[in-house]
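> with the input below, show me the fold.
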Amino acid sequence: MARIVIVSSSEDSRSKLAGLLTSSGFQVFRSCSSGSELRRALNESEDCVVVMVGFLPDCKPDELVWDYRDSIQLLLIAKQQVLENTESPEIFRLTLPASGQAVIGAVEMLSQLHRMRLPRRTGESKDVVNRAKAVLMKQKGLSEPEAHRAMQQYAMNHGMKMADFAMRILEKSEEAQ
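This is a model prediction of the structure:
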């Protein structure tokens, strides 16, 4: 699930938004009151969905998207005149006042976009997974999809990455030889 960072100069806005998102099943990673605080949070965690309420003098939405283009999705909730001054097509906009359902829907959509942008397996980890599948296919007589599914299930059930589990399979296979 995407890390959500809320930024607003108003403590009331931040707490209401955090309550709304938390009650809807989202995890709020950080709540920031200024652009500099937001930038520190983004430098710590990178991949985030940022929900910005209103205008912050030290944080222009267009500059934020430019600086963190590959690691954030930005939802700007503001008055119409603030929204009209933003140029980036990568900024999702909601006009104040915005309903709770509209905010939740927008955050859900941006979370899904965020998940789609996450990096896939590297060539090296793909190779490790493919070699481990070959070991399972040979040792257990499984088809390729069966070996893949077995590895996937085990990794998910044990809270580990599939590439890490594949590495274990290869290590045990080498020990057995």
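> please count neighbours and contacts with C-alpha atoms only from this point.
Fine.
> quick check: residue 56 touching residue 32?
No: counting by CA atoms under 8 Å, residue 56 does not reach residue 32; the two are 11.0 Å apart.
> find the residues that touch each one of the two.
8-9 (CA atoms under 8 Å, 6 or more residues apart in numbering).
> who has more neighbours, the two?
When residue 56 and residue 32 are compared for neighbours, residue 32 comes out ahead with 20 against 15, by other CA atoms under 10 Å.
> for the more buried one, phi and psi?
phi -120, psi 150 (degrees, to the nearest 10).
> and for it, nearest residue in space, chain neighbours not counted?
Spatially, and ignoring its direct neighbours in sequence, residue 32 is nearest to residue 7 (4.6 Å; CA to CA, 6 or more residues apart in numbering).
> list the helices and strands the helix or strand harbouring that neighbour packs on?
Per DSSP states H and E, residue 7 falls inside strand 3-8. If contacts are counted by 3 or more CA pairs under 8 Å, 6 or more residues apart in numbering; DSSP states H and E, strand 3-8 sits against helix 11-23, strand 28-32, helix 35-45, strand 48-53.
> other residues contacting it?
Residues outside strand 3-8 that contact it (CA under 8 Å, 6+ apart): 14, 17-18, 26-35, 38, 47-56.
> what do you get if the cut-off is 7 Å, keeping everything else the same?
With contacts defined as CA atoms under 7 Å, 6 or more residues apart in numbering, strand 3-8 is touched by 14, 27-34, 38, 48-54.
> burial count for the residue nearest to residue 32?
27.
> how far away is it from residue 113?
Per CA to CA, to the nearest Å, residue 7 is found 20 Å from residue 113.
> what's the answer for residue 64, then?
18 Å.
> how about low-confidence regions in this structure?
By pLDDT under 70, the weakly predicted segments of the chain are 1, 46, 117-122.
> got the domain ranges for it?
3-117, 123-176 (automatic domain parsing).
> residues contacting the residue positioned nearest the centre of the chain?
Closest residue to the average C-alpha location of the chain: residue 2 at 3.1 Å, with CA atoms, centre = their mean. Applying CA under 7 Å, 6+ apart to residue 2 gives the contacts 48-49, 111, 114.
> what do you get for residue 33?
Residues counted as contacts of residue 33 (CA under 7 Å, 6+ apart) are 7-9.
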